[in-house]
Structures are given as structure tokens and as C-alpha cells.
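Undergrad: what's the 3D shape of this:
(6 chains)
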6 protein chains.
Amino acid sequence: MPRIDGRGPDQLRSIKITPGFQPYAEGSVLIEQGNTRVAVSVSMEERVPQFLKNTGTGWVTAEYAMLPRATSTRTQRESVQGKLSGRGQEIQRLVGRSLRAVTDLSALGERSFVVDCDVLHADAGTRTAAITGGYIALFIAFEKLRRLGVIKQMPLRTQVAAVSVAVNRGNILLDPCFEEDCSAESDFNLVMNGNGEFIEVQGTAEKKAFSKTVLDGVLDLAEAGIRRLFEIQLEAVKSL
Amino acid sequence: MPRIDGRGPDQLRSIKITPGFQPYAEGSVLIEQGNTRVAVSVSMEERVPQFLKNTGTGWVTAEYAMLPRATSTRTQRESVQGKLSGRGQEIQRLVGRSLRAVTDLSALGERSFVVDCDVLHADAGTRTAAITGGYIALFIAFEKLRRLGVIKQMPLRTQVAAVSVAVNRGNILLDPCFEEDCSAESDFNLVMNGNGEFIEVQGTAEKKAFSKTVLDGVLDLAEAGIRRLFEIQLEAVKSL
Amino acid sequence: MPRIDGRGPDQLRSIKITPGFQPYAEGSVLIEQGNTRVAVSVSMEERVPQFLKNTGTGWVTAEYAMLPRATSTRTQRESVQGKLSGRGQEIQRLVGRSLRAVTDLSALGERSFVVDCDVLHADAGTRTAAITGGYIALFIAFEKLRRLGVIKQMPLRTQVAAVSVAVNRGNILLDPCFEEDCSAESDFNLVMNGNGEFIEVQGTAEKKAFSKTVLDGVLDLAEAGIRRLFEIQLEAVKSL
Amino acid sequence: MPRIDGRGPDQLRSIKITPGFQPYAEGSVLIEQGNTRVAVSVSMEERVPQFLKNTGTGWVTAEYAMLPRATSTRTQRESVQGKLSGRGQEIQRLVGRSLRAVTDLSALGERSFVVDCDVLHADAGTRTAAITGGYIALFIAFEKLRRLGVIKQMPLRTQVAAVSVAVNRGNILLDPCFEEDCSAESDFNLVMNGNGEFIEVQGTAEKKAFSKTVLDGVLDLAEAGIRRLFEIQLEAVKSL
Amino acid sequence: MPRIDGRGPDQLRSIKITPGFQPYAEGSVLIEQGNTRVAVSVSMEERVPQFLKNTGTGWVTAEYAMLPRATSTRTQRESVQGKLSGRGQEIQRLVGRSLRAVTDLSALGERSFVVDCDVLHADAGTRTAAITGGYIALFIAFEKLRRLGVIKQMPLRTQVAAVSVAVNRGNILLDPCFEEDCSAESDFNLVMNGNGEFIEVQGTAEKKAFSKTVLDGVLDLAEAGIRRLFEIQLEAVKSL
Amino acid sequence: MPRIDGRGPDQLRSIKITPGFQPYAEGSVLIEQGNTRVAVSVSMEERVPQFLKNTGTGWVTAEYAMLPRATSTRTQRESVQGKLSGRGQEIQRLVGRSLRAVTDLSALGERSFVVDCDVLHADAGTRTAAITGGYIALFIAFEKLRRLGVIKQMPLRTQVAAVSVAVNRGNILLDPCFEEDCSAESDFNLVMNGNGEFIEVQGTAEKKAFSKTVLDGVLDLAEAGIRRLFEIQLEAVKSL
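TA: Numbers count the residues shown, from 1 in each chain, chains lettered A, B, ... in the order given. Next comes the predicted model:
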């Protein structure tokens, strides 16, 4: 069964990386995955959460938001609602956790790195694009600070990237676009490190529960996709 | 390697179900899983979210909170902070999604069922206990309303239950208690329906990424545990 | 005129005290007064309000909330509303004031004791049960800390307990249940210390103003009830 | 023992009533009791709380606030804090309750009357002045609306007024000023209707518990003071 | 064309200044401009905003609010809405900026002066009255503190006052009242210092854009009005 | 005196317009003015503010925000602060007012058009760029809806554009960049319609009050700059 945009089931959308999209930031990137566009910036702050004070250890955290018209109908600003949406919080917790999993926090000193992920246009896969792009933005920021002598060595121990997978009328589809995502029976987000191990596995039955066999198929497809993302990440930072 | 409380790796903690714990509710249960205690109540409301108005379809949603001293150090009330925590929102979204996955929403009429999950004492596994207990409380509420003629037939299509699994020094442990959970390398929450299919799979590398082999081991253990929970659920509602 | 539950006008409902209901807390109790159930826990925190800094003096404060379905129809969570209800704040101010009135704050050191009162089931009289149970939970916490050497001597100078009284068709009724409370013409909450002196007298004309004669009758009944509560408190802590 | 301002123990401070202080309002008054100054305005709104819809019955409610520098040190605005203070809510609930107790709500039609009480200068006794002045402002508003034919008859069934009383070194003092209030051992607010019956009795042991004998003395003094306030109220509205 | 209240186009409303309106404040004034009444108080606080810490420099800031019934229909309290209105914030930023423009902040020491502007009755021109009155209240506060030796010299370098101007059917009208303001085609607020220079020029086309010629006419009228306000200010503080 | 970026005093920065930047929106544009980048989108909503209900008239409103790292140091998200900043509200009120001033609201039907202005990178002049770009985005949206028959005729009666001007060491500089803006003595925002009339004039003395002569110079420079912006706007929409 051909996909809506002609891709094969195991094919990522085309990906474009624009480093330095937000020039004030210590590191930044615009990641475009198909029509999905996420601006990711990294800001260093000379403070850490309460529980890390006087430990010599730093922190990496993420914030995630969408422009109101990143979505097909306008989404009210969280600042107008006066609170973060549950979905947004869930996503930013996932992004932060995934990036911390590959960072040597003790190499940061008592500093926080805030990874801001702002969705300019949402065509599915924004949270996984934020993780994949977040790695690049962090790498750029850390490399700059390492050269400036602010940190002594690259704190990233390995790569991290993520994809989503959808099951649609029984077909397992890598990196679904919005239409594929909307009609999916079940929906997966997978985060993997450079050693091919899982950092996060999330599978949700949206319309239909799924078997172990389906899950295995999802994980295979995800792994192949993430290995391709690792190459794209390396390409993006090789000229630094 | 013996577990801290002497259980085998594939052994659930002892479970006690007290139906009718909150007598005003349409259905309620106190679920005790080891030392974890969660009060679950179901309230029917004659309104639905905006997107369901005039569709004839109902809704099931969950809210999750902890008493301030359900935790080893006091947790500030969300009402004092003026907002829900990210963790709490993530959990209540999971509980709501899991219960909706086994409910025929069109059999509810245009009504909402709010499943309140309040943790009296937290010794790990509160979200999975909330799902397992939530099924029982919903069953009680629906059965009562069916007998009263408010709804025509039982809207639950199958059972749903959940367990957590931890990987600890390479050992895969079913239904970890707080100490086991704190020191876990990775942490899993699995939700399954009565047909043995997954509704939700969540795996997080807390300290160490995990392989496909470990994930397979986790899923096997979880399935066995959940099948035991299904029996306990049936036992709890058989005398209705 | 017989009461709805067969009690005499001057008779308390049956009371059950379960110490240690929330094991993580420094002191805790479940107080059941008829069908009313309130979980009270005491948490010590190593900080004081701004106005007590560097005074060597401590503080006792209370927070009060209800489970959403502690009430006959579901009450929206204050965390969802984003603010405390006026009623809740009024009650927690009363509970805090009453407990401070019998505590030697200078014996606490610069520490705060937060008395959390969470209503599991509300059948009237929750605020007075919170005070009566709060005394026990505080006693347990202070006694434990005294033995640990954290505080030098028992800071409680005397007992404190509370009851409500309702006037219903001209009858003065001690410790009314929900039905009696709803239909009351006027409603009283009385807090007394171990010396038989008043700490708080609150009388409100719900449907009908009341005379000095009625007030005198109310105070007599309250005093007798509170003396009985003092005995129950002593019984609860005698084996510590 | 002479009082700080030379009054006898049973003497009110001098009271000045300025009707029409806020000309846009349906009724308004500036009440000055000693140095305490409270602006009270009544606004009619063509809506009622949810629970009164389609009952034909109206509502009276109060809001209470202080100018930031009504107090000896500046109080942060509640709008800046983003929430009402507990004290403020407690007071506005008391004022609303007291005024409703003398109002025939069914004579209002389905309308709300909001009684705004804004303290321009606080020298103790602001909540009782708000009640005493609130009666006058309501009377003015109702009388105007009655003449306009909006309401058919005066909905006020009787008068209502309030005073505070302090116990200071054993002396019972009517209508204490700020210094007397601060150093009081116990503190009382009494609300009475035109028939000499109590609408609200509130006594709080600030520094020292109080006996029944003291309470009796307080009530006697309060009654005499309130009778004098009734005369002042009548004087204020006699020329309408 | 005669104005609604008989004034000439270049005529201010009558102005009354009552110093000491809020006696607790370091400086205060009630400014009445026609029917508009604004209470302005100045409070000194021994702290400065973060960006001024350890600079030896102080700060002047303003807060602006209206009593709910300062307006012809009741305005909901910002404390009930849980946030400041956009209009209110805009005004208080203007007032603060205008007063800082004439204050030598380095003469204050590390202290903040909060200028609270509370509108008792609004008949247009409240923000400009707040600036004109704010200067007087600041002068009173500073002069008192200078005499007490808290500050060494008067920090006000020159006067500041403000007026509004409306264009109504082509007529340029100084200091419009509410009716004139409502029907204005365009609306101006002008703030000037004692040297006749502008501190703020704000012109807004409410119903009709305006030409450079109109703007010139507005500025001429404003300057004449502000010069008259400077005299009134001097009169108000001359007897200090 | 040459400018920091080599421009003449009366020279705009280079401007680039990218229509369709947010494809889901009814109309959208990315406006780049020098390094300042603002994404503007227009969303149609089938509802109007309360005061326009049943009038047949529509509304245009604006919202303004910045990405956290649009600024040289990270700005905390307004959603995390739980409220809009005063500056942000002031700007969005200005943008909304300016766009409404050239729109025939009665031609919209009872619909709202929300103009979202999100700053991707801030190098001064973001609010004026939002107005200039907002006109284009509105034009695109209205033209699309006119062709679809949703609205009958183009509701824009004339163009609107805006520039800022700074006075820096006595030099009047059109369209200042961040460095010029920071060190400015006074700062102006001017909004003009296609007939060369003013819609808004805002001048603020940041460090130094300004004379009428300076203001005249500012207005001349602004007018020339805005006329150039009108040409750029026409160019951007001519191929629609």
C-alpha cells in the first residue's frame, strides 16, 4: 500500500538542518522533517535546580511550545490560558529526559542548559524532531563552550535521536505525517542512543490495542530510521 | 538475588480491594498493592467535553493527585502551587487513555465519568494501581447505573490492568516497591487489555539504556503479572 | 424529638482513632466521627515564615482539603481551579489558629509543623474533627521528636478539641450529621482548651438569627461534648 | 483604666456617614469609624449564581479589599499576587452572609447585588464597619430601585449592624482601635439584627483563651454598641 | 462650540489637592480633577529590583487600579480575574516611567518607592491625574525623608505633570471629561517636565487618523494646561 | 556621524517578506527587517467578543510573543510565569489598534481575525515590524476569503505601516537596530495610514526629555520611512 506522500513504509521524510537559526543562543538549529519545522535553541544559565546546589553537577532541561498557528486550527497560547497544557508538559519532560540520558551532567559544572523547542509548523513528529534536533543544538553549544574553556570536555557521551512510528490499517509506517498520524490505530515514539540501546519506548493504542508481534515490527523500523538520523546529525556537526 | 521484601522477581505484592470506600461515588474502591494505597472513585456528570457535544457519545477522564504526605517528604499541594504538576498530568492522561481504551463510549450517552485517583500512601506503582483499581470502580459504577436503567448495557468491552516493572542491577523485577524503583536502571509501565494486547507500553532509561532483549523480558513478566491482576479484578466484582 | 440516627441531643457520634494512618508522616491519625473521615498528618519542615526568621521560634500551620468525591456531588479540585476555595481557607486558618493556641511555639525551634487535614468522606463536622484529630497527630509527632532529642520538651501546654452544634427547629443538637447540618437554622463551631476555656466561638445564623439564651444552651452542650473528646484523645495517646 | 484615645470601655468611636461617595453605584456610602474609612458601593447585575438560575430568587454578595497603603506597612495587591488572601475571603464571606440574613432574596428578582467594600484606611474594625455601612448602601440602592419600579418592595426585613470587641489585660473594650486590637488577648466580631438577635458571633483567642463569663460581658457590650449603630443607620437614610 | 460642561477648549477642570489622604504612607494625596478622583500614596521599601542590587541606586515604580465601581458599570476586580488588565499595566508603566524621568535615582539609595494610584471615581483623565498627583505625593515623601535624614537631598530634579487632550468633531479639547473622551476621534496623553520638554507623547486615532497640523494644535494646548498644573503643584507643596 | 551598520540616518534596514510562512493560517508572512524576524499569521474564528454579539460586526485583535531566545539573554516564557508581561500586552494592544484603524469591521461579518506576531529574533523594531507585516498577512487572508466568497469585499480601507525612530546623542535615526535602541535618549514608534495621517504617535524620553523641534524631526523621518514601507507592502501582495 503506497503512503499518502509516496514514501515506502520504512522511509523517513526529507530532513533539513539549519544550524545557527537563533544567533543569540549558545547553540541552535532549525530542524525540518518533511513539513514539520522545529526551532531548537540552547541557553546556558548559571544556576541549577535546588536539589543540585553545591553538588558540582549541572542540568539539562527542555521547554516545548507551539506557535498558535503551527496547527491546522489555531491553538490558544498557554500564556493566555495561564498554564502549560498536559500534552506540552509531557513532551518537554520526554525531551529533557532523553537529552540528559546521553549527557555527563558532572562535566557541566553547576550550570543549567535550557533546550527550547518551538514548533513553527506541526505536521506530526514534533517531539521526536525536537530530540533529534536538540542533540545537534546541544552539541553546537557544548563545542562552543569547550573551545571557550567554559567546560573542559564534550559532555555528550553518545548520540541520541528519536522517531515516531504509526500502525495504520495494520501497516507499520515510519515517521508518519499528520494525516497518517491522525488515522493511526496505534502510535509509538522511540528514543535510542548511539549504541543502539533504547532510552525511551512509548507505545499507545489510540484506536486499537497492539500485539507483541506488532511492537517488534515497530522497534525494527524505528531502529533503522534512527540509525539514518545519526548520520544526518553527524553530517550537521562535522564542519564545526 | 532475593528482593528486599523476599518476593521472587515475578511476584506481585499482595493486593487488597475494598469496594465502596467512598460511599457517595457512583463506584469506588480502595486498592492496596503492598503499601501503596490509592482511593479511586467514579463520578457521573451530565456533560461532555466541547468536541463531543451533540454526538450522543460520552467520555471517561481521570484525575490523579497525592495527599501531601503520601510521599516520604511532604509534597506541596498543587492547589497551593496554583497548577498541576507535569508528572501528575502525565499520569492522569495515561489513566484516562487506558480506561477509555476498553470502554464503549457510545454506550454512555452524553455523560462524563470522572475517575478520581487519590494516593493515600505511595510505595511505587501508584499509576498502575490507579488503572487496575479504576477498572473495578468503573465496573461498579456502570453496573449500578445499568441496573438503574441509566445506561442500557455494560460499556466495558474487556478488562484492563497495569503493572510496572523495574530493571535493577540487570535483574528484571515485577511490581517494584519504592526502594527498588528508586535504584532502578530502567523503569516500565505496561497496560494490557483482557485479550492480552497492549494498550500502553512505556519504558524509560532512568540510569541506563536498555536492549531489545531486556524489553522482551520485561514484557513477559508484565503479561504474567497482569493476568494475575485480571483474576483479582474478577474476584472483586463477582458478587455484585 | 428523636434524631435522625437515634442519638440524644447531647450525644456525640461514635469516634474511631487510627494512629499512624500515613506512615511517612512525623505524626498521623485517621479520625472517624460517625461517617465523617479525616486523615490528619503532621510534617516537620526546617523553615519558618518570614516574620519568624532569626527569632528562635517555630510555627504550626494547617492545610485542609477534601477528596473530590468526599462530598455528595463531586467537588472540583482546587488544583484544577487554580486556587483555594474561600471555605477551605477559612477552615485551615481556624485549624491552624486552634492548634497554635495550645502550643508553646518557642519550644519548637525554628521549625514549621504542617498539619494536613484531608477529608476522605464528609458527613458534617469535618473542621472540628480536624482540630480534635490534629491535636492527636501533633502529640504523636512531638512525642516522637522529643524522644529523638530533636525538641527538648513536649510543646503542647494543654489539650484542644472542637465540636459543632446545630439548632434545628429550635432543638439544640450536638455534633450534627450532614442532614441535620443542612436543615439547621443556625450552626456553631466551638473550640476549647483543656482548662475549659474557649479558643474559638463561631455562631452563624444560616436561616434564622439566634438569641443569647440559645447561645448559652449551645455552649453548655459543646462543653460537655468536648470534655468527652478530651478523654478520647487521652485514650489514643496513652500507649505511646 | 483609661483607653488610649480617652474613650470609656463601652464607647464607640465617632462615626461619619457620607452617602453617595461613589456616584455611579446604585447605592454607596463612605463610613468613617474613628480613623477607619471604608467605601461601600452596591452594584446591581442582571445575573445570579448558577444554583439560583430559574428560581426567581436573587442574591447579595460582598467583595472586600484594602488599598495597598490602607495599612501601616504596604500590603501587596491581591491582583499582583494573583489570588485573594485568606483573610480577605473570610471577611467578604462574613459580610455577604450578614447582609443576606436580613434580605428577602425572593423580592430581588433574578438579580445579584454586589456590595464592594474597599478600605481606604484601616484602624481596626474594617469588617464590622463594612457590614454597618453595607446595610446603608443596600438600603439606598434598594430604595432607589423601588422608586424606579425595578423592585416592588423594600427587600430589607430588618436592620443589621456589627461591632468588634477586644479583651485587653482583662478589660472588655468596645470598638477597639488598631493599637488596642494588636495587643488584645482575644477578639470578637458580633453581628446583630434589628430584633436584637445574633446573626454571627465570632470569638478568637489571640493570646489567651477566654471564659464563659468574659464572653457574656462581650455580648452585653456589643449589643449596646450595635443599638447605637442602628440609630446612626436610621439617621443616615431618613431623608431619602 | 461650547463644551458639555461649559468650559472653553483650553480650560482645565477644577482641581483640588488633599495632601495626607492616606496617613500611613510616606507621602499621599487625593487629587480631584473635575469628578475624577485618584488617591495616590508613596511607600518606601528597603529593596530594589534584581538589576539594581549592589548598584547603590534606587527605583520608583507605580501601580494603578480602580475601585470596582469607579466606573459607570462595575468592573471586575483584577484580583478576582487573577491578573492585571492590559490597560492597567500600560497605565502603571507610563506613570512609573514619567516619575522616574524627573527623579535622580542615585539619590535614593538602594530603596524602592512604590506609587500606588487608586481611582475612586473615573471621569476620564485618570492616568494623567495620577502623574500630576504622583509628583506631589513623591515630593511630600521625599521631603519628609530628607528632613529625617534618610535621604540627603531632594531627588526630584524638576516637576512633571500630564494632561490628556481629545479631538472631537475637529475641535481640540483640553482635559476632556468622560463624555468628551468617549466620543473623541483621537485621544492624546502628554507628559512634560518643568523645563517644558516632553517626557511622553501618546496620540491614538480612536475613530479617525489625525494630521500633523492637529498634532501641533494638541501639543500647544497641552503645554498651556501643564504649565497651569505646575502652578497647582507648587501651591500644594509650598507650605511643607 | 556614521551609523553602526553604515546606514544614513534616514535609511531603513533591508526588508524581506516571505508570504505563506505558516501554511495552515488564512494569511501569514515572515517579515525580516535587518536581523529582526517576526512571524505573523492571521486566523479567522467564528466568534466575536461579547460586546459585538448580534451586531453583525467583526473584530481584529493581535497577540505578541517572543521565542525565549529571540533575545540576547533568555527570556522566561510567559506560559511559565503564568501571565503576559506588561510590555507584551502593551505591544499587542498597539498592533491590534493599528490594524483595526484601517479595517472596515462591518465588512467582516461576526468573525474575529487573530493576528499572531511571534518574534523569532529581536534586533529592535519588533512591534513596528509586526504592524507592517500584519497588514500584509491580513491582506492575504482577506483576499483569500474574498475569493472564497466568505467575505464580500476587501475590508482594508487603506494601508498601514509603522517605524521606530531613536534620538541618539542628538542624532535622529530611522529604524534603529538593537545597539542604537539601547543607547537612545528617546524612542518613538509611529504608525501611519495610506493617506499620510497618523494612527499612533508614541514618544518616550528614555534618558532625556525632548523638545518640540526634535519631535518634528522625528515625524518627518518617520513619514519618509513609512512611505517606503508602503511600497514594499504593495510589492509583496501585487502577485496575489
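Undergrad: Could you use CA atoms for every contact and neighbour count after this?
TA: OK.
Undergrad: how about the most far-flung residue of chain A relative to its centre, what does it touch?
TA: In chain A, counting by C-alpha atoms, centre = their mean, A:Asn54 sits farthest out from the average C-alpha position, at 30.0 Å. Shown in contact with A:Asn54 (C-alpha atoms under 8 Å, 6 or more residues apart in numbering or on different chains): A:Glu110.
Undergrad: in which helix or strand would I find it?
TA: Assignment of secondary structure by DSSP states H and E places A:Asn54 within no helix or strand.
Undergrad: And it, its phi and psi?
TA: phi 60, psi 30 (degrees, to the nearest 10).
Undergrad: for A:Thr36, same thing?
TA: Torsion angles, degrees, to the nearest 10, at A:Thr36: phi -70, psi 130.
Undergrad: Give me the neighbour count for it.
TA: 21 (other C-alpha atoms under 10 Å in any protein chain shown).
Undergrad: for it, what are its contacts?
TA: Counting by C-alpha under 8 Å, 6+ apart, A:Thr36 makes contact with A:119-126.
Undergrad: In the sheet, which residues pair with it? Tell me.
TA: Beta-bridge pairing of A:Thr36 under DSSP bridges involves A:Gln33.
Undergrad: Is there proximity between the helix or strand bottoming out on mean pLDDT in chain A and chain F?
TA: Of all helical and strand segments in chain A, the minimum by mean pLDDT, DSSP states H and E falls on helix A:78-81, at a mean of 87. Yes. Contact between helix A:78-81 and chain F, assessed by C-alpha under 8 Å from any C-alpha of the partner chain, occurs at A:78-81.
Undergrad: So which other helices or strands are in contact with that helix?
TA: helix F:78-81 (3 or more C-alpha pairs under 8 Å, 6 or more residues apart in numbering or on different chains; DSSP states H and E).
Undergrad: Can you name the element that comes right after the helix it packs on?
TA: helix F:86-100.
Undergrad: Counting neighbours, which bits of that next one end up buried?
TA: For helix F:86-100, the neighbour count (16 or more other C-alpha atoms under 10 Å in any protein chain shown) marks F:86, F:88-100 as buried.
Undergrad: what's in contact with it?
TA: Under C-alpha under 8 Å, 6+ apart, the answer for helix F:86-100 is E:86-87, E:89-90, E:93, F:59-65, F:115, F:127, F:130-131, F:134-135, F:160, F:191, F:199-200.
Undergrad: Give me every residue in chain A lying close to chain B.
TA: Residues of chain A lying near chain B by C-alpha under 8 Å from any C-alpha: A:83, A:86-87, A:89-90, A:93, A:101, A:193, A:196-212.
Undergrad: Would you mind checking these for buried ones?
TA: A:83, A:86, A:89-90, A:93, A:101, A:193, A:196-206, A:208-210.
Undergrad: Out of those, list just those in helices.
TA: A:86, A:89-90, A:93 (DSSP state H).
Undergrad: got TSV for the residues you listed, with distance to B:Lys152 and pLDDT too?
TA: Converted to TSV, these look like this (distance: C-alpha to C-alpha, whole Å; pLDDT from 0 to 100):
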residue	distance to B:Lys152	pLDDT
A:Gly86	33	93
A:Gln89	38	95
A:Glu90	37	96
A:Arg93	41	97
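Undergrad: Tell me the one among those residues nearest to chain F.
TA: The closest of these to chain F turns out to be A:Gln89 (C-alpha to the nearest C-alpha; 10.8 Å).
Undergrad: for chain A, what spans make up the strands?
TA: Assigned by DSSP state E, chain A shows strands spanning A:15-19, A:27-33, A:36-45, A:59-66, A:112-121, A:160-168, A:171-174, A:186-193, A:198-205.
Undergrad: Out of these, flag the one nearest E:Val29.
TA: With C-alpha to C-alpha as the criterion, E:Val29 lies closest to strand A:36-45 of those, at 44.2 Å.
Undergrad: With just CA atoms, put that closest one into CSV.
TA: What follows is strand A:36-45, C-alpha atoms only, in CSV (Å, rounded to 0.1, in the frame of the first residue of the first chain):
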residue,chain,number,x,y,z
THR,A,36,7.4,19.8,10.4
ARG,A,37,9.6,22.6,11.5
VAL,A,38,11.0,23.0,15.0
ALA,A,39,13.4,25.7,16.2
VAL,A,40,15.6,24.5,18.9
SER,A,41,17.9,26.7,20.9
VAL,A,42,20.2,26.1,23.9
SER,A,43,20.7,28.7,26.6
MET,A,44,23.2,28.3,29.4
GLU,A,45,22.2,29.7,32.8
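Undergrad: now that strand against strand F:112-121, angle please.
TA: For strand A:36-45 against strand F:112-121, the angle by axes from the mean of the first three to the mean of the last three C-alpha atoms, to 10 degrees is 50 degrees.
Undergrad: how about strand A:36-45: buried residues?
TA: Buried, per 16+ other C-alpha under 10 Å, within strand A:36-45: A:36-44.
Undergrad: Next: stretch A:50-68.
TA: By neighbour count on 16+ other C-alpha under 10 Å, the buried set for stretch A:50-68 is A:57-68.
Undergrad: Tally up the residues packed near A:Leu145, please.
TA: 18.
Undergrad: State the distance from the spatially closest residue to it that is not a sequence neighbour to A:Ala141.
TA: Once flanking residues are discounted, A:Leu145 sits nearest to A:Ile151: 5.9 Å by C-alpha to C-alpha, 6 or more residues apart in numbering or on different chains. Using C-alpha to C-alpha, to the nearest Å, A:Ile151 is found at 11 Å from A:Ala141.
Undergrad: Of those two, give the one with the bigger neighbour count.
TA: Taking neighbours as other C-alpha under 10 Å, A:Ile151 and A:Ala141 compare with A:Ala141 leading, 21 against 16.
Undergrad: For the nearest residue to the more buried one once chain neighbours are set aside, list the residues it contacts.
TA: The shortest distance from A:Ala141 to any non-neighbouring residue, by C-alpha to C-alpha, 6+ apart, is to A:Gly27 (4.1 Å). Contact partners of A:Gly27, counting by C-alpha under 8 Å, 6+ apart, are A:19-20, A:41-43, A:137-142, A:144.
Undergrad: Show me which of those residues is closest to A:Val167.
TA: Distance to A:Val167, by C-alpha to C-alpha, is smallest for A:Ala137 among the contacts of A:Gly27, at 30.6 Å.
Undergrad: Contact partners for the closest one?
TA: By C-alpha under 8 Å, 6+ apart, the contact set of A:Ala137 is A:19, A:27-29, A:40-42.
Undergrad: Now the two most distant members of the residues you listed.
TA: A:Pro19 and A:Val42, at 11.7 Å, using C-alpha to C-alpha across those.
Undergrad: what do the two both touch?
TA: Contact criterion C-alpha under 8 Å, 6+ apart; residues shared by A:Pro19 and A:Val42: A:27-28, A:137.
Undergrad: could I get the residues you listed as a markdown table with pLDDT?
TA: Below are the shared contacts of A:Pro19 and A:Val42 laid out as a markdown table (pLDDT from 0 to 100):
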| residue | pLDDT |
| --- | --- |
| A:Gly27 | 98 |
| A:Ser28 | 98 |
| A:Ala137 | 98 |
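Undergrad: before we move on, the earlier item: which parts of the least confident helix or strand of chain A are buried?
TA: Buried-residue list, helix A:78-81, by 16+ other C-alpha under 10 Å: A:78-79.
Undergrad: Same check on stretch A:11-28?
TA: Neighbour-count burial for stretch A:11-28, counted by 16+ other C-alpha under 10 Å, picks out A:11-13, A:17, A:19-28.
Undergrad: And the furthest pair within those residues?
TA: The largest separation in the buried residues of stretch A:11-28, counting by C-alpha to C-alpha, is between A:Gln11 and A:Tyr24 at 34.6 Å.
Undergrad: How about the contacts made by the residue nearest the centre of chain A?
TA: Centroid-nearest residue in chain A: A:Ile131, 1.6 Å away (criterion: C-alpha atoms, centre = their mean). Neighbour list for A:Ile131: A:95, A:98-99, A:160-162 [criterion: C-alpha under 8 Å, 6+ apart].
Undergrad: Ok, A:Leu229 next?
TA: Applying C-alpha under 8 Å, 6+ apart, we find A:Leu229 in contact with A:132, A:161-162.
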